[in-house]
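> generate coordinates for the sequence data below:
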Amino acid sequence: MRGIKPSTSVNGREAREKKNVPFFHMSEVYFVNTTFRDGHMSLWSERMTTGMILPVAALADRAGFVGMEIISTSIFKKCVRELREDPWERIRLVAQKAPKTPLASMMARSISSFQLTPRSVLKLWVERLAANGIKRLQLMDPANDLVSLAPYLLSAAQNAGLEVVLAIVYSLSPKHSDEYFAQKVRDARALKPNRIYLKDPSGLLTPERIQTLVPVFLKNAGGIPVELHSHCTTGLAPLCYLEAIKLGIETVHTAIPPLANGSSNPSLYNIVNNVRALGYTPVIDESVIKPIEEHLMSIAKREGLPAGAPLEYDHAQFMHQVPGGVISNLRFQLAQLRMVERLEEVLDEIVQVRADLGYPIMVTPFSQFVVSQAAINVMLGDRYREVTDEVIQYALGYWGDEQISSMDREVTAKILDRPRARELARWTPPEPTLKEVRERVGGLGVSDDEFLLRCFLRPEEIATMRAAGPPKEYLTASHPVATLVQQLTVRPNSRFIRIQKPRFSLALQRR
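Numbers count the residues shown, from 1 in each chain. Purely as a prediction, here's the structure:
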């Protein structure tokens, strides 16, 4: 049964009931591999290179994952700006190594986190993802707005041949009730995605909330398979997964250590062992996972990168709901301003600003909007005396009417009662043609892939990336000479080393 995908017609629990099969013993559990996207985003700040992935891509392809995350729009920027790699080439190379497993891309409503993207560009973007080797698009709207842009994106992606997995993002607030989520799932079902997934990027789900929420999702999904994606930020995600599986969820998103746990997703090992102990059958070839773990651990040690570990329960996370990466960036920025001692004060202000703005879900870009505004409020000591352009646009409805309908009216009036707000109110998001965008970014006469990079990256950044050449192979334990040399060079007492054998000689001297 390895590698067989779950039915796309009936949810697992309903299928068991129709077959009159005992609930406890006959269930299979399937896995999406998040290691090469969310895992290193959460723990390694997107520093995984293409050369780090390629040596184990074929092994991961044999494991039987129903999907394997490989890229997102933020990784595109990281690849070009810092890793000096072509992200399109990453997709193509991994697709060659892993032809059986659907490679997945994560995508929100824009290819740039804080700016709106014209529909013409979005359509070409999903078409080029498909052309380069992506088979599965995990589509998320940060406001769970499944009316404005989601129908267009979903249709474009499916027309390009992509399997679309539509996210409903979990959040905790007075407005995020069972009925809220029931309506969102019905909205998603009406768009006819291939799958729906409950996405919990801040790790806010608890086993008790799973017991009430999963039945809501399964009941309203109308037979569309439902997956679960959560993070270990509060330490509860592994327990939530088990509870969800017992309620009928068949597919969960996990990572391979050392890129599991911490602020990442639950460990594949942990979930596999626990579901087996509960009487379920994990559909995964575990024999290929250990070499992947060893490869990644070798990279972590050589590069000084962290290995994810289980976290203690953190109740404060449920209050401010700020993702771990955003908190790290906030702490760094406050340190630059010599205000790091006011971090807790800013976190408290985040709770108030989020309530003022109508409880936006704390994911990109809204988490950054809220955090930036809260920091300004604390620094100035006068709430909303200065307001970022992004918050003004938010209050004007550029990110959805549903968002502004629940804002505090006095706060809305204060945000919009300024010349900058009146200026932005006259701006209408343009919908240029591809030709018009090409002319603006200098994309005439270049490939579609190059043009799309120019839409959100500077020409000099792309030129520097191109000059660096193709992705570099990453030498690990599978290359014994390279490993030996690396280990010898870190020995402090070694001044001269010679390695010699027939037809080979290598000399190293410490300066």
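> I figured Met297 hits Ala307, correct?
Yes - here Met297 reaches Ala307: they are 6.8 Å apart, a contact under Cβ atoms under 8 Å. To be clear about C-beta, it is placed using only N, CA and C from the backbone, and glycine gets the same treatment.
> joint contacts of those two?
Pro257, Pro258 (Cβ atoms under 8 Å, 6 or more residues apart in numbering).
> remind me which residues of the stretch 251-400 of the chain are low pLDDT?
324-325, 328 (pLDDT under 70).
> can you map out the strands along it?
Secondary structure of the stretch 251-400 of the chain by DSSP state E, counting those that start in this stretch: the strands cover 251-254, 281-282.
> same thing with the chain?
For the chain, strands defined by DSSP state E occupy the ranges 28-33, 67-72, 103-107, 134-139, 163-169, 195-200, 226-230, 251-254, 281-282, 496-501, 504-509.
> mind putting these into a markdown table with distance to Ala335 and mean neighbour count?
Written out in a markdown table, the entries for the strands of the chain read as follows (distance: least, Cβ to Cβ, whole Å; neighbours: other Cβ atoms under 10 Å):
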| stretch | distance to Ala335 | mean neighbour count |
| --- | --- | --- |
| strand 28-33 | 35 | 24 |
| strand 67-72 | 27 | 25 |
| strand 103-107 | 30 | 26 |
| strand 134-139 | 34 | 24 |
| strand 163-169 | 30 | 25 |
| strand 195-200 | 29 | 25 |
| strand 226-230 | 30 | 26 |
| strand 251-254 | 33 | 27 |
| strand 281-282 | 43 | 17 |
| strand 496-501 | 41 | 10 |
| strand 504-509 | 39 | 10 |
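> of those strands, which is nearest Ser263?
Distances from Ser263 to each of those were compared using Cβ to Cβ; the shortest belongs to strand 226-230, at 11.4 Å.
> can I get the CA coordinates of the closest one in PDB?
These are the backbone C-alpha positions of strand 226-230, laid out as PDB (Å, rounded to 0.1, in the frame of the first residue of the first chain):
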ATOM      1  CA  VAL A 226      -9.000  17.600   4.500                       C
ATOM      2  CA  GLU A 227      -5.400  17.900   5.600                       C
ATOM      3  CA  LEU A 228      -3.800  19.300   8.700                       C
ATOM      4  CA  HIS A 229      -0.800  21.600   8.900                       C
ATOM      5  CA  SER A 230       0.400  22.900  12.300                       C
END
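> low-confidence bits of the chain, can you list those?
Counting by pLDDT under 70, the chain has low-confidence residues at 1-26, 113-114, 324-325, 328, 476-492.
> what's the neighbour count on Arg186?
Around Arg186 sit 14 other residues, with neighbours defined as other Cβ atoms under 10 Å.
> whoops, I mixed them up, Glu386
Applying other Cβ under 10 Å, we find 12 other residues in the vicinity of Glu386.
> what's the separation between it and Val371?
Here the distance between Glu386 and Val371 works out to 15 Å (Cβ to Cβ, to the nearest Å).
> next, count neighbours for Thr206.
Other residues within reach of Thr206, judged by other Cβ under 10 Å, total 17.
> where's it relative to Ser267, distance?
In this structure, Thr206 lies at 19 Å from Ser267, with Cβ to Cβ as the measure.
> now Pro429
Distance of Pro429 to Ser267, given as Cβ to Cβ: 42 Å.
> those two: who's more crowded?
Between Pro429 and Ser267, counted using other Cβ under 10 Å, Ser267 has the larger neighbour count: 23 against 10.
> what's opposite the more buried one in the beta bridge?
Partner residues in beta bridges with Ser267: Ala255, with DSSP bridges as the criterion.
> pretty sure it sits against Pro258.
No - look at Ser267 against Pro258 with Cβ under 8 Å: they stay out of range, at 9.5 Å.
> what touches both of these two?
Common neighbours of Ser267 and Pro258 (criterion: Cβ under 8 Å, 6+ apart): Gly308.
> next, format the strands of the chain as a markdown table and append distance to Glu303.
Formatted as a markdown table, the entries for the strands of the chain read as follows, by distance: least, Cβ to Cβ, whole Å:
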| stretch | distance to Glu303 |
| --- | --- |
| strand 28-33 | 21 |
| strand 67-72 | 20 |
| strand 103-107 | 24 |
| strand 134-139 | 27 |
| strand 163-169 | 31 |
| strand 195-200 | 29 |
| strand 226-230 | 27 |
| strand 251-254 | 23 |
| strand 281-282 | 30 |
| strand 496-501 | 23 |
| strand 504-509 | 21 |
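> looking at those strands, which is closest to Ser45?
strand 67-72 (13.3 Å).
> stretch 380-394 spans what distance, first to last residue?
21 Å (Cα to Cα, to the nearest Å).
> how far out from the middle of the chain is that stretch?
Per Cα atoms, centre = their mean, to the nearest Å, the displacement of stretch 380-394 from the mean C-alpha position of its chain is 28 Å.
> ok, and what's touching that stretch?
Under the criterion Cβ under 8 Å, 6+ apart, residues 114, 352, 357, 360, 365-366, 368-369, 372-373, 376-377, 399, 403-404, 411, 414-416, 418, 420-421, 424 lie in contact with stretch 380-394.
> and it, what's buried?
Arg383, Tyr384, Val387, Glu390, Val391, Ile392, Gln393, Tyr394 (16 or more other Cβ atoms under 10 Å).
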